[in-house]
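S.K.: here is a sequence together with a model predicted from it:
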Amino acid sequence: MGKYNLKFIKELTSDNESEIQEFLLIFCRDVLEAINRIKAGFDQNNLDEMTFYAHKMKTSLKYLDLQDELLSVIDIEKTTDFSNYSDLQNKVDFVYTSLQEVIKELKINELKMEIVQE
């Protein structure tokens, strides 16, 4: 859970550090928005919002080899109703928590950003 791998991004960018940094900045921004929108969609019983943002971030998760998160996102994307509410809630919570941690790790370890505790 939450262990990213930069191998594909390094291959894709020919190990160009500035391009890797740019990708990671975009990943952090876009995935943070997506997980917040998925969580909000769940809280508001809005399947369209959940499935849209789940679909939107699948490729980014593949690029960083975040397989557990990707599988849960695919399940969220395929959701057609709230009949299995507890299972869906577990997946949303897992994706939200795990990807927040990944973003934090990327910012500290790869982007060399200071994290301000709120």
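M.R.: Received, thanks. Note that the structure is predicted; figures quoted are calculated from it, not measured.

S.K.: how about the protein, which residue sits the furthest from its center?
M.R.: residue 83 (24.2 Å; CA atoms, centre = their mean).

S.K.: does it count as helix, strand or coil?
M.R.: When classified by DSSP: H, G, I helix; E, B strand; the rest coil, residue 83 comes out as coil.

S.K.: which residues are in contact with the helix or strand hosting residue 60?
M.R.: Here residue 60 sits within helix 47-63, counting by DSSP states H and E. Helix 47-63 is contacted from outside by 8-9, 12, 23, 27, 30-31, 33-35, 37-38, 40-42, 69-70, 73-74, 76-82, 92, using CB atoms under 8 Å, 6 or more residues apart in numbering. (Glycine included, C-beta is placed from N, CA and C.)

S.K.: quick one, which of those are buried?
M.R.: 9, 23, 27, 31, 34-35, 37-38, 41-42, 69-70, 73, 76-77, 79, 92 (16 or more other CB atoms under 10 Å).

S.K.: which non-adjacent residue is nearest residue 74?
M.R.: Nearest residue to residue 74, sequence neighbours excluded (CB to CB, 6 or more residues apart in numbering): residue 58, at 6.8 Å.

S.K.: whoops, residue 106 was the one
M.R.: Nearest to residue 106 is residue 24, by CB to CB, 6+ apart, at 5.4 Å.

S.K.: next, the angle helix 47-63 makes with the host helix or strand of that neighbour.
M.R.: Assigned by DSSP H and E, residue 24 belongs to helix 17-43. For helix 17-43 against helix 47-63, the angle by axes from the mean of the first three to the mean of the last three CA atoms, to 10 degrees is 150 degrees.

S.K.: average pLDDT across helix 17-43?
M.R.: Mean per-residue pLDDT for helix 17-43: 97.

S.K.: who does it touch, helix- and strand-wise?
M.R.: Judged by 3 or more CB pairs under 8 Å, 6 or more residues apart in numbering; DSSP states H and E, helix 17-43 is in contact with helix 7-12, helix 47-63, helix 85-105.

S.K.: please convert these to CSV, extending it with distance to residue 19 and mean pLDDT.
M.R.: Shown next, in CSV, are the helices and strands packed on helix 17-43 (distance: least, CB to CB, whole Å; pLDDT from 0 to 100):
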stretch, distance to residue 19, mean pLDDT
helix 7-12, 8, 96
helix 47-63, 12, 96
helix 85-105, 19, 97
